[in-house]
Every structure is written in structure tokens, then in C-alpha cells.
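[1] Okay, here's the prediction I keep looking at, along with the sequence it came from:
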Amino acid sequence: MRIFLVIFLSLSVYLNLLGQVPQNVFKLNELEADYTALNKYLFVWEDTSNGVSFQSLPLHKFSPYQPTSKAQNPYTSYWGKITIQSRLDRDTDWILYLGGFFINEAEVYICSSQDTLLKKTGSLLPLSEKDIKQERNANVSIFLPAQKEVTVFMKIHNIDKKPLQFDVRLERPYTWMQNINKRAWRQGIFQGFMWIMFAYHMLIYVYSRNKSYLIYSLYILSNSIYFFNYYFFSIELLFPEQPWLFLYFYILSTSCIPLFYVQFHRLFLNAQKNTPKYDKLMLLWIYIRLAEFALVMFLAIYDFNYHLVHIIHPNFALFEAAVFVIFLFFIFQKENRQTYFIVGGALCLHLGLVTSIVSSQYLKLGSGNLIFESGIVLEIFIFALGLGYKLKQSELEKRNYQSALINELQKNAVLLKQAQEVQLKSNQKLEVQVKERTRELHDLSDFKSQLLSIISHDFRSPLTNLKGVLSFLDSSELSEGEIKIIQRAMEQKVDNTLTLLDNLLNWSKSQMDGLVINKEEINLYQLIQDNIALFLSAIQSKQIAVLSEVPSDLVIEADHNMMDSVVRNLLSNAIKFTSTEGKIFIRAQQIENKVEIGIQDTGIGMSKEMQLSLLENKKVMNQTTPGTHNERGSGLGLLLCKDFIEKNNGIFRLESKIGEGTIFTFNLPIIAKK
């Protein structure tokens with residue numbers, strides 16, 4: 001039974017081979033098919049010398065092409081011959097497909113009854129020399145006249161050591177253009193998605209400074225560059241006249257993809273901390289991949305051996321996929337949510353990668369990269385979800401850590417604050433004591449200095465004058481009238497001296513905190529009238545008009561002695577600096593719960609410097625401005641007024657202009673009318 005089975009299989013193979021013997025002429029009868037395979041009509045001849053020209057081809061014998069036929073010597077040229085007879089009733093245009101992008105250089109001689117046309121194509125031919133400049137495959141346009149026969153000679157040659165092989169077919173231009181448009185649309189969408197994801201993760205990296213996002217962005221960029229190069233866009237757009245750079249872009253992108261991919265796994269899973277054993281294995285694989293990159297780059301630069309590179313790279317990727325499936329199986333056992341995203345994304349990627357390599361390398365199907373692109377898109381989407389989840393977890397952990405740290409800092413801050421408060425209170429208490437003592441010493445020193453200054457000047461001068469007058473009275477004979485004049489002058493001197501002495505005593509008590517404030521109800525009108533009567537002699541002497549506009553029932557709450565001293569000093573000051581026949585206005589009015597009193601004169605006024613010296617700097621002036629009749633003063637009275645008013649919860653103001661007079665204004669609490 002086994003013998004019959006072997007014979008049956010042998011006959012089947014033999015008959016199949018007989019059926020594949022090329023026919024002499026391909027007859028084009030219809031336009032329905034998108035493309036037609038022409039290998040069974042193809043005859044080939046291998047030029048081992050790589051020096052035979054088209055003109056000498058008739059001297060050589062072509063043999064039927066077999067599906068397994070290859071030119072094994074990479075340094076030879078491979079000639080193909082095919083005859084196409086159009087039986088259509090009109091002229092048609094076609095795309096003659098010689099093979100994929102594995103054909104580096106090709107010359108196509110299209111021979112008709114009229115002439116011979118040369119066209120060139122190939123993946124490593126400069127774009128300016130190619131007949132068709134779109135896509136990477138080796139193909140040319142061909143014109144088939146109606147009811148005529150065309151013979152096509154094809155010479156293919158590789159410089160990257162790949163075996164030479166034909167895959168000839170006739171394709172409709174409309175179908176070919178549809179495929180080109182599909183390629184452009186599909187890659188436009190794919191590249192747009194990749195660049196959006198690249199930009200998105202780079203922005204997150206800039207925001208978070210998490211290296212996982214940086215490495216993952218570079219991984220996405222490497223995939224984008226790989227497909228941009230794979231679909232010939234790099235040659236079409238970047239280096240049309242240097243197509244050999246395609247190989248280096250291919251090596252660079254396909255080497256960077258696994259390097260960034262493995263490094264991303266290390267960072268995302270924090271493998272160095274969580275799984276140190278697997279981290280060492282991944283780090284070892286990175287070094288192996290770097291060595292493989294150096295090897296294939298050496299092969300490309302030194303020998304331009306793309307054939308060997310194309311064997312090493314895909315098989316390395318298959319081995320890597322198998323290793324990672326095993327690795328992910330062990331990682332999955334950790335039962336960490338982050339690993340679920342890694343496992344899901346990696347399975348999509350490796351499933352697409354293995355399917356792509358198997359379909360393109362071994363099954364020779366054309367949909368391999370589409371499956372790989374789909375796997376990458378799914379993987380990137382799942383990884384993006386994983387990175388988002390990790391970012392959320394990182395933020396949550398950061399908040400928890402910050403909360404714990406804040407609580408700890410708050411506890412420490414409370415203890416530190418308590419210690420600081422104790423220390424601060426101690427320091428403040430000591431500082432207050434030092435400042436208080438310093439102020440007391442400073443005030444005492446100022447008090448002594450000012451007191452001595454006043455005594456030495458304002459008391460000595462009147463007493464000296466009095467002594468001189470007494471001596472003059474003893475030694476001279478004066479009339480009664482002269483004696484009265486001198487008597488009035490001396491009385492004024494004594495009154496001024498007594499006023500000064502009274503002010504000095506009150507001021508001294510005030511500065512030494514020895515003055516007791518006894519607030520009581522004071523009739524303001526009566527207080528003003530008493531003091532006007534006190535200075536009636538001086539008022540009449542200078543013929544000054546004193547105009548009082550104080551209501552008779554206005555009652556204030558203050559210390560009587562202090563207010564009496566204030567009114568007396570202000571009225572004395574107004575009389576002193578008002579010229580003969582001048583005017584003094586005394587006004588009082590109620591404003592809410594206060595009464596405002598103003599004493600205005602038409603005297604000589606004060607400069608700004610003098611006002612500041614009297615009121616703000618609180619310095620007693622040794623040399624005050626004399627009055628209009630050369631009256632003398634110390635400036636102490638105004639200081640005393642300001643101090644007394646403030647001690648009775650009032651506010652003292654001074655407005656004055658030289659040559660226009662002075663207005664003294666102060667307010668005090670009022671007693672409501674009964």
C-alpha cells in the first residue's frame with residue numbers, strides 16, 4: 001500500500017512540473033483580471049560574466065523558467081524573456097511587474113515591430129532614472145498595441161548580495177494606482193497616529209520628567225521611521241538620488257525598536273527594584289541587541305550585504321518574540337495591574353510581528369506588514385492606557401506620601417512652634433525690659449538736658465534783669481511815672497517767669513509720669529473767659545481784638561488744670577505773636593461726640609521747620625522767635641499743650657503760614673446736653 005502511495009505522489013509532482021513548463025507566447029484576450037502572472041511564459045538565462053549586452057543576446061539560449069529558479073551567484077546578471085501578444089481590438093497600457101524591492105537594478109527592453117524601448121527600474125536605482133517613481137517594487141509601464149506582439153527582455157542585477165529571482169506579472173494601471181493610493185492613505189493615517197502618540201507622550205515626559213515616557217516616545221518614533229522607510233517614502237522624499245541609504249535607515253530603525261522596547265519594559269515595570277533577576281536578563285538582551293546592531297551595520301558598510309542582514313534581523317526578531325512571550329508569562333504571575341497592560345500590548349505586538357515575518361519571509365504573502373502595523377497600533381494604544389494608569393498611580397502615591405510628610409511636618413512644626421514660643425516670649429520679655437530701661441535712661445537724659453537749658457536761659461535772664469532794675473532804683477532818682485512804667489514791665493517779666501515756671505513744673509511731672517489725670521465736666525465757655533480775663537492787660541496793651549464764638553452751654557470731659565494750662569498757653573502764644581490792633585478768633589463746635597476748639601491769630605506765623613521742631617521732634621528751643629513786642633518764650637508751652645491734649649484723648653493740630661498767622665486746633669470728648 002505504501003509503494004502505491006509513493007508512486008502516486010511521484011506522478012502527481014511530475015505532472016505538476018509538466019504543467020509549469022513555460023509556453024512560448026502569452027496571449028492577452030481580456031481585461032477583466034486585475035493582474036496576470038506571467039512566470040509560465042518566461043524564459044531565462046544567467047549571465048555569469050555580468051558583461052553580456054542586449055545586442056548579443058540572440059547568441060545565447062534561454063531556458064524555461066521554473067518557480068524555484070534563482071541565480072545563486074549574487075555577482076551575476078539574470079536575463080528574462082517573455083512574448084506578449086495582444087488580441088484586443090484597441091491599444092492598452094499596463095504595468096509590467098518584475099519582482100519586489102529585492103531587485104536592485106533592472107533594464108527592460110520592450111521590442112516591437114517598429115522599435116526597441118529601454119526602461120529602467122529597481123529599488124537601488126536613483127529615482128531620476130526610474131521609469132515609475134512611486135513605490136519600491138521593480139516595475140515599468142508597457143504599451144501593448146492592438147492585435148500585435150511585443151517581446152520583452154529583462155536584465156536584473158543585485159548589488160546587495162540577494163539571490164536573483166523573477167516574479168513577472170502584468171498589472172492593470174488602474175489597479176496599480178489604487179494600490180498606490182491605498183498605501184498613501186493607510187500610511188498617512190498610520191504615520192499621523194504615530195506622530196500624535198509621539199507628541200502626546202513627549203509632552204507628558206516634559207510635564208512629569210518620567211523617563212518611561214521619553215523611552216516610549218522614542219520607541220514610537222523608531223516604528224514610524226521604519227514604516228516610512230519600508231514603504232519607500234524615505235527615498236521618494238528624502239534622498240531620491242541616494243537610494244542605498246535605505247539600507248542604513250532600515251538597520252537603524254529596526255535596531256532601535258527592540259532597544260527602546262526592552263528599556264521601556266525595564267522602566268515601566270521598575271524591574272530593577274521589583275524583579276532584579278529579570279532586569280538583569282533584559283539588560284543582557286540590550287547588550288546582545290547592540291552587538292547585533294554593530295554586526296549588521298558592519299555587514300552593510302563593509303560588504304553591503306543586505307541579504308545576510310535580512311536573514312539575521314528577522315530571525316533575531318522571531319527569537320526575541322519567543323523569549324519575551326516566556327518572560328511575559330512569568331511577569332504575569334506577579335498579579336500587578338501594570339503587568340496586564342504590558343502583557344496585553346506585547347502580545348498584540350509579537351503576534352503581529354510573527355505573523356508578518358512568517359507571511360512575508362516564508363509564505364510569500366503580501367499582507368504581512370499590514371498585520372504588523374495593526375499589532376503596533378493595538379500595542380501602542382494598550383501601552384498608552386498603561387502609562388496613563390501608571391501616571392495616575394504615581395500621582396496617587398505622591399499625594400499619599402505628601403500627606404504623610406505634611407502630617408509629620410505638622411507634628412514637628414507644633415513642637416518647634418511651642419519651643420519657639422517659649423524662647424520668643426523669653427526673648428521678648430527680655431527685649432521689652434531692655435528697651436524700657438533704655439528708653440527711661442534716654443528720656444531722663446533728654447529731660448535733664450532740656451531742663452538745664454530752660455533754667456539756664458529762661459530763668460536767668462529775667463532774674464538778671466530784675467537785679468539790674470533794683471540796682472538802678474537804688475542808685476537813681478526816678479519820677480513816679482517812670483517808676484510805674486518800670487513796675488509794669490517788671491510785673492510782666494515776673495508773670496512770664498511764673499508762667500514758665502508753672503509750665504516747667506507741669507511738663508516735668510508729665511514727662512516723669514508723675515502727673516495724675518482727674519477728668520471732670522468743664523464748661524468750655526467759662527474756661528475761655530477766665531483765661532481772656534487773665535491776659536486782659538496784655539490784650540489792651542497791644543489793642544488786640546479777641547472774638548470768642550464759644551457756646552455758653554458747651555461742656556467737655558477732661559482734666560481741668562490741664563485744659564486751663566492748654567488754653568492759657570495757646571492764648572498767650574496768640575497774644576505774643578499778634579501785632580498791635582490784630583485779631584484773635586476763638587471758636588468751638590460739636591462734631592458727633594467730640595468738640596473741636598480752634599484758636600486763630602493774625603500774627604507773624606511759623607515756618608515748617610519750626611512747626612516740626614515744636615510738635616514732631618519734641619525738642620525745646622533755646623532761642624525762640626521773639627514776639628511782636630520782643631516777648632520771649634521757650635517753646636515749652638506748645639509741647640505741654642500737645643502732651644496734655646493727647647493725655648485727655650484728644651488730637652492736637654497746628655496750621656501756620658509766615659505772615660498770615662497760626663491756627664491751633666484740638667478736639668476733646670463732649671458731655672451730652674441734659
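    Happy to help now that I have it.
[2] Please name every helix or strand in contact with the helix or strand containing Gln191.
    Using DSSP states H and E, the element containing Gln191 is helix 173-208. Applying 3 or more CB pairs under 8 Å, 6 or more residues apart in numbering; DSSP states H and E, one finds that helix 173-208 makes contact with strand 92-99, helix 211-230, helix 368-454. From N, CA and C alone the C-beta is placed, and that goes for glycine too.
[3] any idea of the mean pLDDT for that helix?
    Across helix 173-208, the average pLDDT comes to 87.
[4] Stretch 119-138 too?
    88.
[5] tell me which residues in it are buried?
    Across stretch 119-138, burial judged by 16 or more other CB atoms under 10 Å covers 119-125, 130-132, 134-138.
[6] Name the nearest of these relative to Val262.
    Minimum distance to Val262 across these is 29.3 Å, recorded for Arg136 (CB to CB).
[7] Am I right that Asp530 falls within a strand?
    No. Looking at Asp530 with DSSP: H, G, I helix; E, B strand; the rest coil, it is helix, so not inside a strand.
[8] For Gln590, see how far away it is.
    21 Å (CB to CB, to the nearest Å).
[9] Then Leu28?
    From Leu28 to Gln590 the distance is 124 Å (CB to CB).
[10] More neighbours: which of the two?
    For Leu28 versus Gln590, neighbours defined as other CB atoms under 10 Å are more numerous around Leu28 (17 against 14).
[11] Which neighbouring residues are in contact with the more buried one, exactly?
    Leu28 makes contacts with 36, 84-88, 92, 144, 170, as judged by CB atoms under 8 Å, 6 or more residues apart in numbering.
[12] rewinding a little: format the helices and strands packed on helix 173-208 as CSV; extra columns: mean pLDDT.
    Shown next, in CSV, are those (pLDDT from 0 to 100):
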stretch, mean pLDDT
strand 92-99, 90
helix 211-230, 87
helix 368-454, 75
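[13] now the ones you listed as a markdown table including mean neighbour count and distance to Phe577?
    Shown next, in a markdown table, are the helices and strands packed on helix 173-208 (neighbours: other CB atoms under 10 Å; distance: least, CB to CB, whole Å):
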| stretch | mean neighbour count | distance to Phe577 |
| --- | --- | --- |
| strand 92-99 | 20 | 119 |
| helix 211-230 | 22 | 85 |
| helix 368-454 | 13 | 20 |
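[14] Distance to His560 added to these, as JSON lines?
    Output for those, formatted as JSON lines (distance: least, CB to CB, whole Å):
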{"stretch": "strand 92-99", "distance to His560": "124"}
{"stretch": "helix 211-230", "distance to His560": "86"}
{"stretch": "helix 368-454", "distance to His560": "25"}
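[15] of all those, which lies closest to Leu639?
    Leu639 sits nearest to helix 368-454 of all these, at 9.4 Å, using CB to CB.
[16] From Leu118, how far out is Thr175?
    Separation of Thr175 from Leu118 (CB to CB): 25 Å.
[17] Spatially central, which residue of the chain would that be?
    With distances taken as CA atoms, centre = their mean, the residue of the chain nearest its centroid is Tyr207 (8.4 Å).
[18] returning to what we had before: between the buried residues of stretch 119-138, which is nearest Leu396?
    Checking the buried residues of stretch 119-138 one by one against Leu396 (CB to CB), the nearest turns out to be Arg136, at 48.8 Å.
[19] Could you verify my assumption that that closest one touches Phe233?
    No. Contact criterion CB atoms under 8 Å: Arg136 and Phe233 do not qualify, at 9.4 Å.
[20] on that earlier part again, ok, and for the helix holding Gln191, which residues are buried?
    Using 16+ other CB under 10 Å as the test for burial, helix 173-208 gives 176, 179, 183, 187, 190-191, 193-194, 197-198, 201-202, 204-205.
[21] and what of stretch 241-257?
    For stretch 241-257, by 16+ other CB under 10 Å, it's 243-244, 246-247, 249-257.
[22] Send over it as PDB, restricted to the C-alpha atoms.
    The C-alpha coordinates for stretch 241-257 follow below in PDB (Å, rounded to 0.1, in the frame of the first residue of the first chain):
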ATOM      1  CA  GLU A 241      19.300  60.100  -5.700                       C
ATOM      2  CA  GLN A 242      21.000  58.100  -2.900                       C
ATOM      3  CA  PRO A 243      18.600  55.100  -2.600                       C
ATOM      4  CA  TRP A 244      21.400  53.000  -1.000                       C
ATOM      5  CA  LEU A 245      20.800  55.000   2.300                       C
ATOM      6  CA  PHE A 246      17.600  52.900   2.500                       C
ATOM      7  CA  LEU A 247      19.600  50.000   3.900                       C
ATOM      8  CA  TYR A 248      21.100  52.100   6.700                       C
ATOM      9  CA  PHE A 249      17.700  53.600   7.700                       C
ATOM     10  CA  TYR A 250      16.300  50.100   7.800                       C
ATOM     11  CA  ILE A 251      19.100  48.800  10.100                       C
ATOM     12  CA  LEU A 252      19.000  51.900  12.400                       C
ATOM     13  CA  SER A 253      15.200  51.800  12.800                       C
ATOM     14  CA  THR A 254      14.900  48.000  13.200                       C
ATOM     15  CA  SER A 255      17.700  48.100  15.800                       C
ATOM     16  CA  CYS A 256      16.300  51.000  17.800                       C
ATOM     17  CA  ILE A 257      12.800  49.500  18.000                       C
END
